[in-house]
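**Student:** pasting a predicted model and its sequence here:
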Amino acid sequence: MTTYDERASLSDLTTTAERVHRSVEGVIEGKPEVVRLSLTVLLAEGHLLVEDVPGVGKTMLAKALARSIDCSVQRIQFTPDLLPSDITGVSVFDQQRQDFEFKPGAIFAQIVIGDEINRASPKAQSALLESMEERQVTMDGQTYELPSPFMVVATQNPVEMEGTYPLPEAQRDRFMARVSIGYPSPDAELRMLGVHGAGSPLDDLKPVAHAHDILKLIDAVREVHVAEAVRRYAVDLVVATRGHPELRLGASPRATLHLLRAAKAAAALAGREFALPDDVQSLAVAVLAHRLLPTAQAQLNRRTAEQIVLEILHRTPVPDPSAQQWRQTRGRRPPGVRGL
């Protein structure tokens, strides 16, 4: 059973998450829910796809998150001529040693920013598949482990079609969540002019957490308890996508796992040691929608994957909180633990 001292440390870890949240939110004006989702994906050991129109701060969000943490960062500018070896690395023959030496590519970083990922060819995109799923790179029969924590934050523009290659389903399924930043409110845009008008706020952004702090946060998320009823609820939501008449491709078992991990991270950020059905509900659209493929008829009816997920949420019975012991063996939360 978790001891009081172990549980009390959750307060300190939540404070670290708050510092990162405030740091990123200082750059991305008026979008606290977007920043919170980004942090949730990081702590759930997932990858984030930022999809929106040009100029709303997609790359700025990725850079702000990376610079708020004292860890290794690499940026990959995806272009049509990008080669897989530019991402994973290449073996070079060393004349002195008379042997091949592996030169790591840009993927060997703790946070990898993939800018305009859909501008690279499918061959280059596929270089990310093993790295994102297994956190390793295999080259010439040798396996190289990636650093930890490891997160890919990729951006793409859904409007421009010329010169882009849509992400294949296998690639999209490896992203834990997709977020759209959207246009800022008039007040937030006015504040942005005052902050960004004299220069980029990224220039003054300093790390507020270390990589080992994030690893501790990830360990805390792993210990969050999920009751059987909450797990069943997550499975019911995913299974409902597979038989929906307006979907030709439902969510995979990987989606169920991602949804559960994200719910645990959301619970930890809220200062709880146990996940609730509310955590699953709040993340269902972000985690599931980008994996779904509506039918042609649904597209003609202007039905989006997000609308279908919301409909499934409305129809799927929610576990009765009065009949469940969400905390179970976790006991009561100690004083001082607060949420983000």
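**Tutor:** Here it is on my side, so go on.

**Student:** any weak-confidence spans in the stretch 101-250 of the chain?
**Tutor:** Within the stretch 101-250 of the chain, the ranges that satisfy pLDDT under 70 run 159-163, 196-199.

**Student:** what about the helices in it?
**Tutor:** 122-125, 129-134, 169-172, 186-196, 211-222, 228-242 (DSSP state H, counting those that start in this stretch).

**Student:** tell me which of those helices lies nearest to Val27.
**Tutor:** The minimum distance between Val27 and the helices of the stretch 101-250 of the chain falls on helix 186-196, with 8.3 Å, by CB to CB. Glycine gets a C-beta too; all of them are placed from N, C-alpha and C.

**Student:** the closest residue to Glu246 other than its chain neighbours and Arg315, how far apart?
**Tutor:** Spatial nearest neighbour of Glu246, chain neighbours left out: Ala298 (4.0 Å); criterion: CB to CB, 6 or more residues apart in numbering. Going from Ala298 to Arg315 by CB to CB, to the nearest Å gives 16 Å.

**Student:** Phe78 against Ser121, yeah?
**Tutor:** No: using CB atoms under 8 Å, Phe78 is not in contact with Ser121, being 9.2 Å away.

**Student:** quick one, which of the two is more surrounded?
**Tutor:** Phe78 (23 against 15; other CB atoms under 10 Å).

**Student:** phi and psi next, for the more buried one.
**Tutor:** phi -80, psi 120 (degrees, to the nearest 10).

**Student:** what residues are up against it?
**Tutor:** Shown in contact with Phe78 (CB atoms under 8 Å, 6 or more residues apart in numbering): Gly114, Asp115, Glu116, Ile117, Asn118, Arg119, Ala120, Ala124, Gln125.

**Student:** how about a cut-off of 6 Å?
**Tutor:** By CB atoms under 6 Å, 6 or more residues apart in numbering, Phe78 lies in contact with Glu116, Ile117, Arg119, Ala120.

**Student:** could you find the closest non-adjacent residue to it?
**Tutor:** Ala120 (3.9 Å).

**Student:** closest one to Glu45 out of the contacts of Phe78, please.
**Tutor:** Proximity of the contacts of Phe78 to Glu45 (CB to CB) peaks at Ile117, which lies at 19.6 Å.

**Student:** and that closest one, how far from Thr15?
**Tutor:** In terms of CB to CB, Ile117 sits 33 Å off from Thr15.

**Student:** and these two? Which one has more around it.
**Tutor:** Ile117 (27 against 12).

**Student:** the more buried one contacts Val153, correct?
**Tutor:** No: contact criterion CB atoms under 6 Å: Ile117 and Val153 do not qualify, at 9.9 Å.

**Student:** any idea which element the residue nearest to Glu246 lies in?
**Tutor:** helix 296-300 (DSSP states H and E).

**Student:** which SSE is immediately downstream of that helix?
**Tutor:** helix 305-315.

**Student:** quick one: list the elements packing against that following helix.
**Tutor:** Helix 305-315 is packed against helix 277-288, with contacts defined by 3 or more CB pairs under 6 Å, 6 or more residues apart in numbering; DSSP states H and E.

**Student:** now find how far off-centre the helix it packs on is within its chain.
**Tutor:** Chain-centre distance of helix 277-288: 13 Å, with CA atoms, centre = their mean, to the nearest Å.

**Student:** now that helix: buried residues?
**Tutor:** Pro277, Asp279, Val280, Gln281, Ser282, Leu283, Ala284, Val285, Ala286, Val287, Leu288 (16 or more other CB atoms under 10 Å).

**Student:** in ChimeraX, how would I select just the buried ones from the contacts of Phe78?
**Tutor:** Remark: buried members of the contacts of Phe78, expressed as a ChimeraX selection using 16+ other CB under 10 Å:
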select :116,117,119,120
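
**Student:** nearest to Arg303 among the contacts of Phe78?
**Tutor:** Using CB to CB, the contacts of Phe78 come closest to Arg303 at Ile117, 25.8 Å.

**Student:** residues in contact with the closest one?
**Tutor:** Counting by CB under 6 Å, 6+ apart, the residues that Ile117 touches are Phe78, Ala154, Gln156.

**Student:** identify the bridge partners of the closest residue to Glu169 other than its chain neighbours.
**Tutor:** Distances taken as CB to CB, 6+ apart put Leu249 closest to Glu169, at 6.7 Å, once the chain neighbours are dropped. Per DSSP bridges, the residues bridged to Leu249 are Leu293.

**Student:** one step back: okay, the helices of the stretch 101-250 of the chain in TSV with mean neighbour count next?
**Tutor:** What follows is the helices of the stretch 101-250 of the chain, written out as TSV (neighbours: other CB atoms under 10 Å):
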stretch	mean neighbour count
helix 122-125	17
helix 129-134	17
helix 169-172	15
helix 186-196	12
helix 211-222	18
helix 228-242	18
